[in-house]
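> Sequence unavailable; structure follows:
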């Protein structure tokens, strides 16, 4: 039980002060793992004699997974981090009062935690080096076939009666504004206020008659009225593309590149240490649960396409 308590106190205080004695000035401990220069940054918050500096706040932010940091980019988030640091400072002071900072095992745990902070920074640098703009572009160029996905962005006007469809079609041919006619006549409540515009979609995301007509049109062309079970559609194709653009799949490519880079970096170091064989043996004993991770699966391939009710031109028309 004593060690459980020690572990709990250590875990709470390590994000802030990983080594005993708090922040150790570089001059006072040049060979200390936790040696830091004097902190002259502005105070972010103070309470009961404790102060949170901007440098400490920045350091605490680094301890948060990068994907979660955005949630702290507001006044409440900044306050939450400052409060967390203040609590850790108070807890660390209590640990000092009990003499825990002189406990050899706790000191070693603190040192190991400090090492992990440097390791985290190292692997972040490896990830950054792996996911440069040039590397992302090269991966995209070398795997273009994986991102082939013919899509169309269109707008439409849906009406119930053939006569109205013919009238609207003639008005468009005479130069009437498509968006205005869509807002005036379209039965598709999901798109009419957007001038009939629909999101990018593959052909199978639409009912067959609509999809076939949209994909047979050239960009900028308007169809004659197309009949589906929902009524009559007049379609204008705004854009067509053969594959997903780089900006759309970039996050997935970056995940692949950074994951593979860190994996390879660790594996190379294991080989240098003679740990590769032991690691391989352990993998044979323990089946992988992440089969396929880091393979050439196209980035973005697991992302859900637009939901059918959203992509269907009929929207909520019944």
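Received, thanks. These figures come from a predicted structure and were not determined experimentally.

> Number of residues surrounding residue 114?
Look at residue 114: counted by other Cβ atoms under 10 Å, it has 17 neighbours. C-beta: built from backbone N, CA, C; applies to glycine.

> What strand or helix carries it?
helix 104-130 (DSSP states H and E).

> How far off centre is the very next helix or strand once past that helix?
The helix or strand immediately downstream of helix 104-130 is helix 133-142, counting by DSSP H and E. Relative to the mean C-alpha coordinate of its chain, helix 133-142 is positioned 19 Å out (Cα atoms, centre = their mean, to the nearest Å).

> Show me what the helix holding residue 114 is packed against.
Helix 104-130 is packed against helix 2-13, helix 246-273, with contacts defined by 3 or more Cβ pairs under 8 Å, 6 or more residues apart in numbering; DSSP states H and E.

> Between those, which one is closest to residue 193.
Residue 193 sits nearest to helix 246-273 of all those, at 25.4 Å, using Cβ to Cβ.

> Out of the helices and strands packed on helix 104-130, which gets the lowest mean score?
Mean pLDDT per stretch puts helix 2-13 lowest among the helices and strands packed on helix 104-130, at a mean of 37.

> show me where pLDDT drops low in the chain?
1-32, 277-318 (pLDDT under 70).

> Geometrically speaking, which residue is the centre of it?
residue 67 (5.9 Å; Cα atoms, centre = their mean).

> how close does that residue get to residue 122?
For residue 67, the distance to residue 122 equals 19 Å [Cβ to Cβ, to the nearest Å].

> Put together CSV for the helices and strands packed on helix 104-130, with mean neighbour count and distance to residue 192 on each row.
Output for these, formatted as CSV (neighbours: other Cβ atoms under 10 Å; distance: least, Cβ to Cβ, whole Å):
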stretch, mean neighbour count, distance to residue 192
helix 2-13, 14, 56
helix 246-273, 15, 27
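
> Save those helices as JSON lines, and put in distance to residue 215 too.
Formatted as JSON lines, those follow (distance: least, Cβ to Cβ, whole Å):
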{"stretch": "helix 2-13", "distance to residue 215": "57"}
{"stretch": "helix 246-273", "distance to residue 215": "19"}
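
> List the contacts of residue 179.
155, 195, 196, 197 (Cβ atoms under 8 Å, 6 or more residues apart in numbering).

> and it, which of the three is it?
helix (DSSP: H, G, I helix; E, B strand; the rest coil).

> Repeat that for residue 237.
Residue 237 ends up strand, using three-state DSSP.

> what does the domain assignment say about this structure?
Following automatic domain parsing, the chain resolves into domains at 2-22+40-120, 148-244+304-311.

> tell me the most buried of the ones you listed?
Mean neighbours per residue, mean count of other Cβ atoms under 10 Å, is largest over the domains of the chain for domain 148-244+304-311, with a mean of 17.

> and that one, how far out from the chain's middle?
32 Å.

> does residue 52 sit in a helix, a strand or a coil?
strand.

> Kindly list the main-chain dihedrals of residue 35?
Main-chain dihedrals, residue 35, degrees, to the nearest 10: phi -60, psi 130.

> Show me the beta-bridge partners of it.
residue 24 (DSSP bridges).

> how many neighbours does it have?
Counted with other Cβ under 10 Å, residue 35 comes out at 15.

> do you know how far it is from residue 200?
54 Å.

> right, and residue 71 touches residue 81 too?
No: using Cβ atoms under 8 Å, residue 71 makes no contact with residue 81, being 10.6 Å away.

> re earlier: the domains of the chain: which one's closest to residue 266?
domain 2-22+40-120 (10.2 Å).

> Next, report how far the closest one is displaced from the centre of its chain.
On Cα atoms, centre = their mean, the centre of domain 2-22+40-120 falls 26 Å from that of its chain.

> Export the domains of the chain as a markdown table, with columns for distance to residue 276.
Formatted as a markdown table, the domains of the chain follow (distance: least, Cβ to Cβ, whole Å):
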| stretch | distance to residue 276 |
| --- | --- |
| domain 2-22+40-120 | 19 |
| domain 148-244+304-311 | 37 |
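
> can you tell which of the ones you listed is closest to residue 136?
domain 148-244+304-311 (13.5 Å).

> before we move on, the earlier item: export the contacts of residue 179 to CSV and tack on distance to residue 219 and secondary structure?
Formatted as CSV, the contacts of residue 179 follow (distance: Cβ to Cβ, whole Å; DSSP: H, G, I helix; E, B strand; the rest coil):
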residue, distance to residue 219, secondary structure
155, 12, strand
195, 17, coil
196, 16, coil
197, 14, strand
